[in-house]
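1. A predicted structure for the sequence below; I have some questions about it.
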Amino acid sequence: RNAFQEDYSSDSMYYRVALSGKRAMVGIQEAGVSAYQQNQQGFWQNVEEPFIQEEPSIGNLGFAVGLDGDLACVGDADYIHLFRRDGNKWVQFDRIDFKWGACSIAGDNIAIGSERSALMMLYKYDEDQGKAVPLQDPIPTGGVSSMALSHDYLVYSAVGEEFIIYRREEKNQTFTPHQQFNISGPKYRNRLALDQDILVIHGENHTHIFSEQNGYWDETITLDQSFWPIQLSGRTLLAASLNDVYSFNIEGCAPMPTQMPTTSMAPTTCYLVEITIAYDKHPWETSWKLQRTGANGDDSAIKFYKEAADGDTSYTESLCLQEGEYEFIMYDSLGNGICCHYVGGEGHYNVTSNGALIAEGGDFERREATRFSLPFFPAAPSTVPSISQTPSSSLSPSMSWSPSTTPSSSSSPSMS
């Protein structure tokens, strides 16, 4: 859909887009930077004050934009300006001397690079000092035309057709080289977008969508359409053409089954899993993923959620899943969990199956993961219970799905 209902002339093409949950920024040639928020109908409204530079510069404010939670970066011809959100206003707290730079933000980490610099710089927002401080030694790149940062990965495109992926195991560790591949295409900036386990790259005539499997990236979807620039948050993709910005849901790209199930199929048993989240004061920082883990180590996402916005207080999801091994992961983009920090309030989450507690928490840093099996059997108590040959009804499968030509929404699994 056309995401931003604005009337821009053809000589004011979009420079950059940035996306974080239900908030977005758009850098527009000769017009500066505008901030947006998505409403309940899915449309984007310009509800925040525009970004204003504190000092004059050569111009081209909006040449680069980056956004995650309450932090934003905005580039022009001379600097990368760093902002934090205070209510509906953005307040500049620092700036980096970097000409014609690109920038990306993940949590409180900031990456900055440029075609005119042989080094990529990584910073961390220090809340106590109120400024950006170096995160690690600069990364030699030979020039960067496009870049994207997540908690675990740093991806950039060199001035040629190479895309280089850096990885780190933990938040405070150093990014190191991990994977590399080539995709031909114009030497545009903002050619790639990254969030958690999805990577999107703009090619010559196609849009390439990669997914992470067992620590490595493989192309899973190729769209016969090319957009520039692009930005990703969760499963929402913002993609710009010359005069428009469009919003896509990547989950809607799953192929349809070639044949509808019939009543002759054997019934499939599924097990009810319920996820409940009470947000802290910053719900837009929270996301989660539920994935199935195979015996060969491959992981496949069942559901990924990152749609919380200001004012959201809680969220509940019910899924009916087949027997197998699973992993539930909670994320906090700022790295301070959802509980027990004076700036964030007291949030909490729990995962249950048939009323039995699988996982719960809130006091973590960047991520917290729990592996479990379905059907789920709670851990045995410390005393030895009497053994019964017949399982109790509370541990039996909660749902039995018998496919038909017209299955009802309440009885079908949420995703296969």
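-> The structure has been received and is ready for your questions. Keep in mind that what you see is a predicted model, and the values were worked out from it rather than measured. Numbers count the residues shown, from 1 in each chain.
2. contacting residues for residue 318?
-> 272, 273, 274, 275, 414 (CB atoms under 8 Å, 6 or more residues apart in numbering). All C-beta spots, glycine's among them, are computed from the backbone N, C-alpha and C.
3. Equivalent analysis for residue 378, please.
-> Contact analysis of residue 378 by CB under 8 Å, 6+ apart lists 356, 357.
4. Where do the strands of the stretch 151-300 of the chain begin and end?
-> Along the stretch 151-300 of the chain, counting by DSSP state E, counting those that start in this stretch, strands occupy 153-158, 162-167, 176-182, 192-195, 198-202, 207-213, 216-223, 230-233, 236-240, 245-249, 268-278, 286-293, 299-305.
5. Ok, which of the ones you listed comes nearest residue 24?
-> strand 236-240 (6.4 Å; CB to CB).
6. For the closest one, which strands pair with it and how are they oriented?
-> Paired neighbours of strand 236-240 in the sheet (DSSP bridges): strand 230-233 (antiparallel), strand 245-249 (antiparallel).
7. ok, residue 154 touching residue 176?
-> No - look at residue 154 against residue 176 with CB atoms under 8 Å: they stay out of range, at 9.7 Å.
8. circling back to that earlier point, need the contacts of residue 318 in a markdown table (columns: pLDDT).
-> Formatted as a markdown table, the contacts of residue 318 follow (pLDDT from 0 to 100):
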| residue | pLDDT |
| --- | --- |
| 272 | 84 |
| 273 | 90 |
| 274 | 90 |
| 275 | 93 |
| 414 | 37 |
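9. Of those, just the buried ones, PyMOL syntax please.
-> Of the contacts of residue 318, the buried ones go into a single PyMOL selection, burial set by 16 or more other CB atoms under 10 Å:
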select buried, resi 272+273+274+275
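10. on that earlier part again, now do the shared contacts for residue 154 and residue 176.
-> Common contact partners of residue 154 and residue 176 (CB under 8 Å, 6+ apart): 166, 167.
11. And those two? Which one has more around it.
-> residue 154 (26 against 12; other CB atoms under 10 Å).
12. what residues are up against the nearest residue to the more buried one once chain neighbours are set aside?
-> Among residues not flanking residue 154 along the chain, residue 166 sits closest, at 4.2 Å (CB to CB, 6 or more residues apart in numbering). Residues in contact with residue 166 (CB under 8 Å, 6+ apart) are 139, 153, 154, 155, 175, 176, 177, 178.
13. And the pLDDT for residue 82?
-> As summarised for this prediction, residue 82 has a pLDDT of 93.
14. if we can go back for a sec, next one: the residue nearest to residue 154 from residue 113, what distance?
-> Using CB to CB, to the nearest Å, residue 166 is found at 12 Å from residue 113.
15. just residue 213 next, same as before
-> Remark: distance between residue 213 and residue 113 (CB to CB) = 27 Å.
16. swap in residue 372?
-> Distance from residue 372 to residue 113, counting by CB to CB: 40 Å.
17. Which of those two has more residues huddled nearby?
-> residue 113 (29 against 17).
18. Beta-bridge partners for the more buried one, please?
-> Beta-bridge pairing for residue 113 (DSSP bridges): residue 102.
19. Ok, residue 84 next?
-> For residue 84, the beta-bridge partners are residue 71, residue 91 (DSSP bridges).
20. what's near enough to touch it?
-> Applying CB under 8 Å, 6+ apart to residue 84 gives the contacts 70, 71, 72, 90, 91, 93, 125.
21. Among the residues you listed, show me the least confident.
-> Looking at the contacts of residue 84 by pLDDT, the weakest one is residue 90, with 83.
22. Report the separation between residue 193 and residue 111.
-> Counting by CB to CB, the separation of residue 193 from residue 111 is 14 Å.
23. An error on my part: the question was meant for residue 270.
-> 42 Å.
24. higher neighbour count, the two?
-> Neighbours per residue, other CB under 10 Å: of residue 270 and residue 111, the larger number sits with residue 111, 26 against 21.
25. and the closest residue to that one other than its chain neighbours, what does it touch?
-> Once flanking residues are discounted, residue 111 sits nearest to residue 149: 4.4 Å by CB to CB, 6+ apart. The neighbours of residue 149, taking CB under 8 Å, 6+ apart as the test, are 104, 105, 106, 109, 110, 111, 155, 194.
26. which ones are touching the third one?
-> For residue 106, the contacting residues are 68, 149, 150, 151, 333, taking CB under 8 Å, 6+ apart as the criterion.
27. from memory residue 178 sits against residue 167, does it?
-> Yes - Residue 178 is within contact range of residue 167, at 3.8 Å (criterion: CB under 8 Å).
28. which residues are common contacts for these two?
-> residue 153.
29. ok, and the closest non-adjacent residue to residue 67?
-> Counting by CB to CB, 6+ apart, residue 18 is the residue found nearest to residue 67 once chain neighbours are left out, at 3.9 Å.
30. Helix or strand: which one has that neighbour?
-> Using DSSP states H and E, residue 18 sits within strand 14-20.
31. Can you name the next helix or strand after that strand?
-> Following strand 14-20 in sequence, per DSSP H and E, is strand 23-28.
32. What strands flank the helix or strand that that following strand is followed by, and is each parallel or antiparallel?
-> Of the helices and strands lying after strand 23-28 in sequence (DSSP H and E), the nearest is strand 32-38. Strand 32-38 sits in its sheet next to strand 23-28 (antiparallel), strand 44-45 (antiparallel), going by DSSP bridges.
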